[in-house]
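1. My questions concern the predicted model and sequence given below.
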Amino acid sequence: MNYDFENPFADYGKMVHGERFIGRRAMITDIENRIIRPSNPGNLAIIGVHRIGKSSLAYKTVMEQKETFFAKKILPIWVGLASYSESSDFFRSLVEECVQELADLEWLTPDIQRSADRALEVNATWDRIKRFFRKVQNAGYGTLFVLDEFDAARNLFKGETAFQRLRELADYPDYRLSLLLTARRNIGDIERQAGSSSPFHNIFQVQRLAMFSDEDLEAYFAQFSPVGISTSDEFRERVLFYCGAQPYLLEMLGCEIVENFRRNGTLDVHKAAKTTSLSIFEHYDDIIRLMREEGTLSKLLQILFGPAVDVSPLDVTELESYGLIKPGEEGIYVAYAEHFQDYLRLQERKPEFNADLWPVWRDTEKALRKVITTTMSDVHGDNWLVVLGKARPNLKEIFDKCRKAQQKEEKSFGDRASQNLIDFTYPAELFTIICAKGLWEPHFLPIFGNNRNHWEQRKQMLAKCRNPLAHNRDNILQPHERRIVEAYCEEILAVLADYRE
């Protein structure tokens, strides 16, 4: 077979454009209805998580349709906000870019040039910049600025002034100027983080860019066919396990799959994922870092793993709109990709995640695991799991389930995986071990005190909490339930004071 072919994903990581851009048809139509079909474009914000394709979508719908805008005497101009360190330089660049575009199109008049010269003088006032755009509008031209990476405005636009100036240009009819923004955060949140209470965000229609749709995924998998790769159901299932419908991850993994196929003539999705694992983990860590900065990581962990302590319906709706969670088949919410969910489960055991979880809950789980491990090791030695599993079928079932989860983690994450089988247990299982016949009275009753029914009551309440969030959201803890759970956890921690880390 001829392996001298072009890898369709070889340029992954760059802005996707031209024929390489796939999918997003419904979103493109919505954007066109807002900024292309009207004689004067509206203001639009494309909001989405890290590396979801915001810039590519903006480029596709604006910069690749320049001729359509030119026919309406509108200048589409791309500005990367993150490349500016001073807001004054940014506003000057709006004038400079506009003048350059007018000159390239031979639309620049002496009157506009004179106005630009005045606006670009060292100590030029804001009024001169406004006057320039008024001159452009009076000459019959409009402007559409694509402000890419608008999150940078948190630092670039400190205070009220810059947001108010942008709002004035984009909202008042005197200037015929429109804005298309791309950002990870809501525009209102960006304003607040910059110390502004401006109503700037109110002038935008918001389009939230989430993961690929089923139609988009079909277009993605179709790209393997020209290089001779047949995408079976099993192949697709493995790819989606690692990437979900996340465009950047799909392209990264797709590139390595094609290169493996070129080298060996075989398809091995797991091998390709292992080769790209460091890049995948870096992407996950970027998502985690950004969500921690925004205060949403705790919400995500609560939804996926429980307990849902302070998650509101709005939190769930927002994370779902970003595509980070989706309804699962078993009536609970799951992450966009199973591999990402497994990575979060692995990471949330680490000490640096303490602040992202309910501290009293995390301490309780750790203390329960430690008292079981310490007590059973003293009685049965290092092989206590094997001994208990042989003697008690109900415990063997728990250990087998944990071992299966551990093996899955090892396959995906290698030496990052936990080697402690008890890490894969939850409160109900921990109390099942503690209260097991033949273990409770001789070993755990002296530590815990009270009777087995007392702790069974606590087991039921804690087990209810430590579940992923259901679609109907009925397991979000109510305030009175949270107080009960906190009291139970504090009781357990007091009893197990010698086993706290």
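-> Looks like it came in fine.
2. Let me see the ranges of the strands in the stretch 251-400 of the chain.
-> 325-327, 333-335 (DSSP state E, counting those that start in this stretch).
3. so how far is the last one from its chain's centroid?
-> Same thing as strand 333-335. Relative to its chain's centre, strand 333-335 lies at 12 Å (Cα atoms, centre = their mean, to the nearest Å).
4. Run me through the strand neighbours of that strand, direction for each.
-> Here strand 333-335 is paired, per DSSP bridges, with strand 325-327 (antiparallel).
5. Please identify the buried residues of the partner strand?
-> Using 16 or more other Cβ atoms under 10 Å as the burial criterion, the residues of strand 325-327 that qualify are 325-326. C-beta here means a position set from N, CA and C on the backbone, and glycine is covered the same way.
6. And for stretch 429-440?
-> 429-436, 439-440.
7. just stretch 179-192 next, same as before
-> Buried residues in stretch 179-192 (16+ other Cβ under 10 Å): 179-191.
8. Now tell me what touches the helix or strand of the chain at the bottom of the mean pLDDT ranking from outside.
-> Least confident helix or strand, the chain: helix 452-465 with a mean of 87, by mean pLDDT, DSSP states H and E. For helix 452-465, the external contacting residues (Cβ atoms under 8 Å, 6 or more residues apart in numbering) are 306-308, 361, 364, 426-428, 431-432, 434-435, 440, 448, 475, 477, 481, 484-485, 488-489, 491-492.
9. Could you give me the ChimeraX syntax to select whichever of those are buried?
-> To isolate the buried ones among those in ChimeraX, judged by 16+ other Cβ under 10 Å, type:
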select :306,307,308,361,364,426,427,431,432,434,435,440,448,475,477,481,485,488,489,491,492
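10. Okay, strands next: where are they in the stretch 1-150 of the chain?
-> 44-47, 74-80, 142-148.
11. which outside residues touch the shortest one?
-> Think strand 44-47. 31, 34-35, 54, 57-58, 150, 179-187, 201, 204-209.
12. Pull the number of nearby residues for residue 216.
-> By other Cβ atoms under 10 Å, 20 other residues sit near residue 216.
13. Max pairwise distance over the buried residues of stretch 179-192: which two?
-> Checked with Cβ to Cβ, these reach their widest spread between 180 and 189, with 18.4 Å between them.
14. Am I right that residue 180 is in a helix?
-> No - secondary structure assignment (DSSP: H, G, I helix; E, B strand; the rest coil) places residue 180 in strand, not in a helix.
15. which ones are touching it?
-> 35, 41, 43-46, 58, 62, 144-147.
16. Got the phi and psi for residue 423?
-> phi -60, psi -20 (degrees, to the nearest 10).
17. wait, isn't it in contact with residue 369?
-> Yes - with contacts defined as Cβ atoms under 8 Å, residue 423 counts as touching residue 369 at a distance of 7.0 Å.
18. residues bridging contact with those two, i.e. touching both?
-> By Cβ under 8 Å, 6+ apart, no residue touches both residue 423 and residue 369.
19. all helices of the stretch 201-350 of the chain, in order?
-> 214-222, 233-243, 247-264, 269-275, 277-294, 297-305, 313-321, 338-347 (DSSP state H, counting those that start in this stretch).
20. Report pLDDT for the closest residue in space to residue 392 that isn't next to it in sequence.
-> In this structure, residue 392 finds its nearest non-sequential neighbour in residue 436, 6.1 Å apart by Cβ to Cβ, 6 or more residues apart in numbering. In this model, residue 436 is scored at 92, pLDDT.
21. what do you get for residue 471?
-> Residue 471 is given a pLDDT of 66.
22. try residue 360
-> pLDDT, residue 360: 84.
23. Tell me which of the helices of the stretch 201-350 of the chain sits nearest to residue 466.
-> The nearest among the helices of the stretch 201-350 of the chain, by Cβ to Cβ, is helix 297-305 at 7.5 Å.
24. got a list of contacts for the closest one?
-> With contacts defined as Cβ under 8 Å, 6+ apart, helix 297-305 is touched by 288, 291, 308-311, 315-316, 319, 324-325, 333-335, 341, 344-345, 348, 353, 356-358, 466, 468-469.
25. By neighbour count, sort out the buried ones in these.
-> Here, 16+ other Cβ under 10 Å leaves 288, 291, 308-309, 311, 315-316, 319, 324-325, 333-335, 341, 344-345, 348, 353, 356-358, 466, 468-469 buried among the contacts of helix 297-305.
26. Show me the shaky parts of the stretch 1-150 of the chain.
-> 1-3 (pLDDT under 70).
27. What ranges does it have for its helices?
-> Secondary structure of the stretch 1-150 of the chain, counting by DSSP H, counting those that start in this stretch: helices at 25-35, 54-61, 66-71, 87-104, 110-119, 126-138.
28. I appreciate the help and will end here.
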